[in-house]
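Trainee: Pasted the sequence and its predicted model underneath.
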Amino acid sequence: MTITIRRCGPDDAAALALVGQATFLESYAGHLPAKDILSHCRTQHAEALYAAWLETPGYGLWVAELDEGKAPVGYAALTPPDLPVAPQHGDIELKRIYLLHRFHGGGTGAALLNATISAACALGARRMLLGVYGANQKAMGFYGRQGFTQVGVRRFQVGENLYDDLVLGRSLRTPEG
């Protein structure tokens, strides 16, 4: 089974919404109230939201697809930063990196991250930021292995409830560059 990473185009909004909803449900069913998950998926993973992102300057999205049949299994979204940390010149946000669980551990998440890092560096970004649910130990481990460290905290709303997210950051440049 081979997976390809490619930059998204305007026709990818439905696939991104499907993967976003599926991975959010997969990750948080049993951890968050069902009502909150469903509300979050309706608003934050709506096809119209992804269509808008795909049309917005400064936003970039990449999809991971199985070569056989082109089924989407994950994606990453790069956006201007919108996190509660002191901004630095050259900040960029990894808004989302989602991957269906059965594809974890095979290098696809790292490939998605590398695609966004390459794009961010091409744009002149110097630091990548992201928010992650503080209790998501699997994600925290992944980001730690990729060189991210905690730079702040935020309250993140899912449905009617607020949750603690950690804001992580990683330099995209060497001290010389």
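Mentor: On my side now, so go ahead. Numbering: from 1, shown residues only.
Trainee: Give me the number of neighbouring residues for Leu83.
Mentor: When counting by other C-beta atoms under 10 Å, one arrives at 19 neighbours for Leu83. No exception for glycine: its C-beta is placed from N, CA and C like everyone else's.
Trainee: Show me the shaky parts of the protein.
Mentor: The model of the chain has pLDDT under 70 over residues 174-177.
Trainee: now the strands for it?
Mentor: With strands called from DSSP state E, the chain shows them at 3-7, 60-66, 72-79, 91-99, 127-133, 149-158, 161-171.
Trainee: Give the other helices and strands that the first one contacts.
Mentor: Going back to what we said before, that points to strand 3-7. Packing partners of strand 3-7 (3 or more C-beta pairs under 8 Å, 6 or more residues apart in numbering; DSSP states H and E): strand 60-66, helix 108-122.
Trainee: ditto for the second one
Mentor: With contacts taken as 3+ C-beta pairs under 8 Å, 6+ apart, strand 60-66 sits against strand 3-7, helix 13-28, helix 47-55, strand 72-79, helix 108-122.
Trainee: Buried ones in the shortest one, by neighbour count?
Mentor: Buried residues in strand 3-7, counted by 16 or more other C-beta atoms under 10 Å: 3, 5.
Trainee: before we move on, back to that, any idea which of the helices and strands packed on strand 60-66 is most buried?
Mentor: Highest mean neighbour count of the helices and strands packed on strand 60-66: strand 72-79, a mean of 22 (counted as mean count of other C-beta atoms under 10 Å).
Trainee: and that one, which strands flank it?
Mentor: With DSSP bridges as the test, strand 72-79 is paired with strand 60-66 (antiparallel), strand 91-99 (antiparallel).
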